[in-house]
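>>> build me a structure from this.
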Amino acid sequence: MTEPGNEAADPADGTAPGGVRPPATDPMKGIRGIFAATLILEAIVVLLALLVLPKFGEGATALGVTTMLLIALAMILASGLQRRSYGLPVALGLQVVTIVAGFWLVTGLGIMGVVFAIVWAVLLWMRSDVRRKMERGQLPSQQA
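Residues are numbered from 1 along each chain as shown. Alright, predicted model coming up:
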């Protein structure tokens, strides 16, 4: 039996300090994968918007097309950064760039940016919910 002040992990039951068993796999790794996949999906949507741009918008200028191509390329590159500590801030920064560039150059891009900002808000809420459950030991892989 350990003393009240000694909160070392007990190798017999595999609990971490604080009495919470660590999950069998890292759930944040899966969430980072979802972030990367969302960025790829968003890049595809931005590139597909280039096909309808000449029919619907005033943004079919060289500046508008170049901006959309650069944003899509940045999203693809940022998807590979999600395992790094600065990956999520880069992804969220791209959302702001997409919305601002969208309402400045191509209105349709701004609307897509707002829709994906809502998707990112839901993803961040889900991440915080998983983190809370992990800290409490409520994930299925933490159950004895």
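>>> need the contact list for the residue nearest in space to the middle of the chain.
Centroid-nearest residue in the chain: Phe35, 3.1 Å away (criterion: CA atoms, centre = their mean). Phe35 sits next to 79, 82, 87-88, 91, 123 when contact means CB atoms under 8 Å, 6 or more residues apart in numbering. Bear in mind the C-beta positions are built from the backbone N, C-alpha and C, glycine included.
>>> from those, pick the one nearest Ala101.
When the contacts of Phe35 are compared for distance to Ala101 (CB to CB), Ala91 wins out at 15.6 Å.
>>> what about that closest one, which SS state?
helix (DSSP: H, G, I helix; E, B strand; the rest coil).
>>> which residue is the nearest non-sequential neighbour of it?
Ala78 (5.4 Å; CB to CB, 6 or more residues apart in numbering).
>>> ditto for Ile34
The nearest residue in space to Ile34 (CB to CB, 6+ apart) is Leu123, at 6.4 Å.
>>> isn't the one you found right up against Thr38?
Yes. Leu123 is in contact with Thr38 according to CB atoms under 8 Å; the separation is 6.6 Å.
>>> contacts only, for the residue lying closest to Thr61 once chain neighbours are set aside.
With sequence-adjacent residues excluded and distances taken as CB to CB, 6+ apart, Thr61 is closest to Leu105, at 7.8 Å. By CB under 8 Å, 6+ apart, the contact list for Leu105 reads 59, 61, 63-64, 67.
>>> ok, Met68 to Asp129 distance?
33 Å (CB to CB, to the nearest Å).
>>> next, count neighbours for Asn107.
Careful, residue 107 is Thr and not Asn. 14 (other CB atoms under 10 Å).
>>> what segments of this structure are helices?
27-56, 62-79, 87-104, 107-136 (DSSP state H).
>>> would TSV of the ones you listed with mean pLDDT be doable?
As requested, the helices of the chain are exported to TSV (pLDDT from 0 to 100):
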stretch	mean pLDDT
helix 27-56	90
helix 62-79	94
helix 87-104	94
helix 107-136	90
